[in-house]
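**Q** coordinates only, sequence not included:
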Ligand code: SF4
């Protein structure tokens, strides 16, 4: 039997599992489909024996991964000396910028957009929905407009119960698309602005299957959980029914709904979150400055953010907030407003990210238009953390993490260890975002 191996870095992502399920279903007796998430010797041996290797990549950083590049070269060299050839294709969110993928990775093609419909056709030799190099020229065969969701079951690996993605064994997909316009986010462009939801019965069957395969803790993903079954407005009853029924299978201590927009929650949905899940919401607050929220096209403001935090607390729900620092238009005063917001909101947990230019987003365009010497991710920090040799974005990331620690509902004592963890976090993020920014400048002509 021929072999297809799907690799997703570090985690079995839902996307990789879904493609695995679609291929297994479609090519029942023709291909043996396997999923791997590490680049160890076992995986490399599996790649070498495979007819197709599908790389499911979800971060621009994966395009710069030296180990991945080495493995690809090994496979291509092996192809030169053997009659049996392994074709290598890339899919996943990085397929939104195929020109960069094809320049960075020596692969046979990039599967564009949502892969469930296209991937089986590509395996059969079709080229619609494929980007590839031909005589040094990039050919992009755009796929047909957004298909309906494919309702195949995901392929669930045996060791799924051993993985932890921020505490959950798996993030399941209940719907795709987002009605938001956030300039830093790839979701609306990649999945569209129409919400396509999976029928509830199929979600429940999937949850049972995951449980059978050893999954204990499930998170519901999909941009904003409460947009499930959204038509013109939030269908609260469907979202609440979803939580209730999934929780009945997996238990409310084992279900979370990580991401919620502050303008798509109300007392009923938050009460359901309290009753049927671990009782946390995570809001993408991003900034305490209305000017920056407007520039990010977040569709919210400081007041709405604070109201949503307070409403969740009134319903007994714990609140995590995520913030972005180092936006090219963020001035000192905007950053101070974010610190003020954290004091006023007294959140239960705080996440800080340095603004990332995901290629083909509006934020990426803005960063490409910002001279490097004015970009806070490159500008040297000359303020209170000067002796730590940080950039302005790194200093803000580090400072906000320290500041949030003091103002959380349950603050921790700032130990030396915590100080180092936060400093390391800020420096790592700074380095990664600088690498991504240098990459987008290198391929500016394609963006
Ligand atoms: S609400 Fe969330 S998923 Fe939707 S565009 Fe904004 S960041 Fe992206």
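**A** Here it is on my side, so go on. Predicted model, so just to flag it, every value in this text is computed and none were measured.
**Q** per-residue pLDDT, the most centrally placed residue in the chain?
**A** Central residue of the chain (C-alpha atoms, centre = their mean): residue 58, 6.6 Å from the mean position. Looking at residue 58, its pLDDT reads 96.
**Q** what's the answer for residue 189, then?
**A** Confidence for residue 189, expressed as pLDDT, is 89.
**Q** ok, residue 259 next?
**A** So residue 259 comes in at 86 (pLDDT).
**Q** who does it bridge with?
**A** Assessed by DSSP bridges, residue 259 has beta-bridge partners residue 282.
**Q** strands of the stretch 101-250 of the chain, start to end?
**A** 109-111, 130-134, 137-140, 170-173, 175-176, 196-197, 218-221 (DSSP state E, counting those that start in this stretch).
**Q** can you check the stretch 301-447 of the chain too?
**A** Using DSSP E, counting those that start in this stretch, strands in the stretch 301-447 of the chain cover 318-325, 349-354.
**Q** for those, which one sits closest to the ligand?
**A** Evaluated over those, closeness to the ligand peaks at strand 318-325, with 9.5 Å, by C-beta to the nearest ligand atom. Heads up, the C-betas are built off the backbone N, CA and C, glycines and all.
**Q** just checking: what are the partner strands of the closest one?
**A** Here, using DSSP bridges, strand 318-325 pairs with strand 280-286 (parallel), strand 349-354 (parallel).
**Q** and among those strands, the most buried is which?
**A** strand 280-286 (a mean of 24; mean count of other C-beta atoms under 10 Å).
**Q** from the chain's centroid, how far away is it?
**A** Counting by C-alpha atoms, centre = their mean, to the nearest Å, strand 280-286 is centred 15 Å from the centre of its parent chain.
**Q** how does the chain divide into domains?
**A** Domain assignment of the chain by automatic domain parsing yields the ranges 2-140, 160-446.
**Q** want to try TSV for these, with distance to residue 151 as columns?
**A** Below are those laid out as TSV (distance: least, C-beta to C-beta, whole Å):
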stretch	distance to residue 151
domain 2-140	9
domain 160-446	6
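**Q** closest one to residue 153 among those domains?
**A** domain 2-140 (4.9 Å; C-beta to C-beta).
**Q** circling back: pick the most buried one from the strands of the stretch 101-250 of the chain.
**A** The highest average neighbour count among those, using mean count of other C-beta under 10 Å, belongs to strand 109-111 at a mean of 26.
**Q** and that one, which strands flank it?
**A** Sheet partners by DSSP bridges: for strand 109-111, these are strand 87-91 (parallel), strand 130-134 (antiparallel).
**Q** out of the domains of the chain, flag the one nearest the ligand.
**A** Closest among the domains of the chain, using C-beta to the nearest ligand atom: domain 160-446, at 3.1 Å.
**Q** can you tell if the closest one touches the ligand?
**A** Yes: with C-beta under 6 Å from any ligand atom as the criterion, the ligand is reached by domain 160-446 at 178, 180, 182, 185, 187-188, 223-224, 261, 284.
**Q** sort out for me which of those are in helices.
**A** 187-188 (DSSP state H).
**Q** can you name the two of the residues of domain 160-446 next to the ligand that sit furthest apart?
**A** Top of the distance list for those (C-beta to C-beta): 188 and 284, 13.5 Å.
**Q** shared neighbours, those two?
**A** residue 182 (C-beta atoms under 8 Å, 6 or more residues apart in numbering).
**Q** dump the strands paired with strand 318-325 to TSV, plus distance to residue 50.
**A** Output for the strands paired with strand 318-325, formatted as TSV (distance: least, C-beta to C-beta, whole Å):
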stretch	distance to residue 50
strand 280-286	37
strand 349-354	35
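**Q** give the buried residues for stretch 114-127.
**A** By 16 or more other C-beta atoms under 10 Å, the buried positions in stretch 114-127 come out as 114-123.
**Q** I meant to write stretch 202-212 there.
**A** Applying 16+ other C-beta under 10 Å to stretch 202-212 flags 203, 206-207, 210-211 as buried.
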